[in-house]
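Participant: Fold the following for me, if possible:
(one chain, ligands or ions: 1)
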Amino acid sequence: MAERSINIVAIKGSVRPNNYTEMALALVLDEFSNHSGVKVELFDPAVMHLYPPGLGGDNPDPARMREAVIEATGIVLATPEYHGSFSSIMKLAIENLGFPSVMSGKPVSLLGVAAGAIGAIKSLESLRGVCSHVGAIVLPGPVSVANCREVFNEDGTCNDERTEKRIRGVATNMMHYIEDNICPRVSLEAMVRGEDLPEC
Ligand SMILES: Cc1cc2nc3c(=O)[nH]c(=O)nc-3n(C[C@H](O)[C@H](O)[C@H](O)COP(=O)(O)O)c2cc1C
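Facilitator: Have a look, this model is predicted:
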């Protein structure tokens with residue numbers, strides 16, 4: 001039986017040095033690494049050239065990210081809560097995914113990180129709205145991290161077991177969705193074509 005191949009694209013929505021969104025996202029990526037046959041590609045706008053639509057000329061970064069999303073089995077968006085919404089850099093990344101968006105039809109898991117006690121509820125709700133608008137399948141159970149400066153240590157480790165488990169759930173939730181909804185379809189299509197049955 002062929003090895004399964006699941007491609008995950010993760011996009012980080014904070015470009016602040018030592019940002020907490022990256023610390024939380026690192027746990028999600030680590031959780032994906034516990035699953036066989038899963039490749040994760042991280043897009044970090046801090047080291048990319050992203051411009052508003054109409055600017056940027058021939059810069060290849062947006063095309064590269066769009067290609068990765070087209071090939072992706074699933075997408076993880078991680079955003080900080082800024083002024084009661086998701087970050088402008090996350091919106092810029094989404095705008096660089098085209099119109100119509102290559103996110104259309106893709107399962108998307110959301111992670112929000114906030115310094116405040118109420119967490120990133122508002123940013124997750126507005127990010128969900130945008131993702132749904134462009135046709136993505138937003139998975140239930142977005143994860144909001146509250147009081148991020150208390151639950152993460154300076155070295156990026158999480159000191160709260162329950163919070164860490166919830167954050168890792170972003171990856172397991174996506175894996176369950178893919179294994180339940182996408183892998184069976186891929187296997188069926190391979191069977192119809194008379195090919196070896198891949199796991200996914
Ligand atoms: C411009 C700006 C606006 C912010 N607005 C909020 C907010 O509305 N609610 C909140 O809980 N934290 C707010 N914060 C704090 C962030 O949630 C905090 O920086 C947290 O660490 C997540 O962002 P980071 O990933 O960039 O570190 C804000 C931070 C910045 C820089």
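Participant: near the ligand, which residues of this protein?
Facilitator: Counting by Cβ under 6 Å from any ligand atom, the residues of the chain lying close to the ligand are 14, 16, 19-21, 80-84, 113-116, 148. C-beta: built from backbone N, CA, C; applies to glycine.
Participant: Filter the residues you listed down to the buried ones.
Facilitator: 14, 19-21, 80-82, 113-114, 148 (16 or more other Cβ atoms under 10 Å).
Participant: now the helices: where do they sit in the protein?
Facilitator: 20-32, 61-71, 88-95, 121-133, 148-151, 161-177, 183-192 (DSSP state H).
Participant: now the residue in the chain that the ligand sits nearest to: how far from residue 122?
Facilitator: The ligand sits closest to residue 116 of the chain, with a gap of 2.6 Å, by Cβ to the nearest ligand atom. As for residue 116, its distance to residue 122 is 10 Å (criterion: Cβ to Cβ, to the nearest Å).
Participant: ok, back up a step: for the residues of the chain next to the ligand, which one is nearest residue 29?
Facilitator: residue 21 (12.3 Å; Cβ to Cβ).
Participant: circling back: deepest-packed of the helices of the chain, please.
Facilitator: Stretch with highest mean neighbour count among these: helix 20-32 (a mean of 22; mean count of other Cβ atoms under 10 Å).
Participant: what sits opposite the residue most central in space within the chain in the beta ladder?
Facilitator: Centroid-nearest residue in the chain, with Cα atoms, centre = their mean: residue 76, separated by 1.0 Å. With DSSP bridges as the criterion, residue 76 is bridged to residue 10, residue 109.
Participant: coming back round to it: closest to residue 41 out of the helices of the chain?
Facilitator: helix 61-71 (5.3 Å).
Participant: Packing partners of the closest one?
Facilitator: Applying 3 or more Cβ pairs under 8 Å, 6 or more residues apart in numbering; DSSP states H and E, one finds that helix 61-71 contacts strand 6-12, strand 38-43.
Participant: okay, the ones you listed, which one's buried deepest?
Facilitator: Among the helices and strands packed on helix 61-71, the stretch with the highest mean neighbour count (mean count of other Cβ under 10 Å) is strand 6-12, at a mean of 24.
Participant: tilt between that one and helix 61-71?
Facilitator: For strand 6-12 against helix 61-71, the angle by axes from the mean of the first three to the mean of the last three Cα atoms, to 10 degrees is 140 degrees.
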